[in-house]
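Asks: this one's sequence-less:
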């Protein structure tokens, strides 16, 4: 069973990863305007996220608009929505499960079940981190591909926004926390059970001998 210190670190990593996933899901900074070629000085820049598209004026005024229809959105944006939401739910559930199975809590009295519960939480954090990394990496690949496409005018090109980098960082934290839990929360080898069995066999042998 992992030490209390490792479990506390994993809880902190899970909470930080959850915060990063929520930021990626809510903040419209997945795609930002690209200032290349003749498009260097402009009075307006655009920012796109999973749910809204915002126009930012040079004066600081910002106007946001929700995407009109889900069916007209590109496949990477639809997948990113689903994967990010599943990541947030799975990460939140994993952190709650870890609290229940941690050594520093008394939610569960059975000490033999705690390693298994912590292991389940670690697998959940690994899956959450993997889903988030897949979502942001898919979007980043499409952004780079469109940026290098010569058929797209320079004024319509987009660059990778801050949420992509936050998603990579949050996914890495979740993978690290889940990996630590899977390594340090393995069930015991059952040495006490083996000792009891050994004594029981000896007792039976002595009884037969008598």
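Replies: Great, that's in hand. Predicted model only: the values in this text are computed from it and were never measured.
Asks: Sketch out the low-pLDDT regions of this structure for me.
Replies: Within the chain, the segments meeting pLDDT under 70 span 1-2, 35-43, 186-210.
Asks: now the helices: where do they sit in it?
Replies: Remark: helices assigned in the chain by DSSP state H are 4-26, 75-101, 114-147, 162-184, 191-209.
Asks: can you list these in JSON lines and add mean neighbour count and distance to residue 65?
Replies: For every residue, glycine as well, the C-beta is placed using N, CA and C. Below are the helices of the chain laid out as JSON lines (neighbours: other CB atoms under 10 Å; distance: least, CB to CB, whole Å):
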{"stretch": "helix 4-26", "mean neighbour count": "20", "distance to residue 65": "16"}
{"stretch": "helix 75-101", "mean neighbour count": "19", "distance to residue 65": "15"}
{"stretch": "helix 114-147", "mean neighbour count": "21", "distance to residue 65": "19"}
{"stretch": "helix 162-184", "mean neighbour count": "22", "distance to residue 65": "18"}
{"stretch": "helix 191-209", "mean neighbour count": "10", "distance to residue 65": "63"}
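Asks: Compare these and give me the one nearest residue 48.
Replies: helix 75-101 (8.6 Å; CB to CB).
Asks: Show me what that closest one packs onto, helices and strands only.
Replies: In terms of contacts (3 or more CB pairs under 8 Å, 6 or more residues apart in numbering; DSSP states H and E), helix 75-101 is packed against helix 4-26, helix 114-147, helix 162-184.
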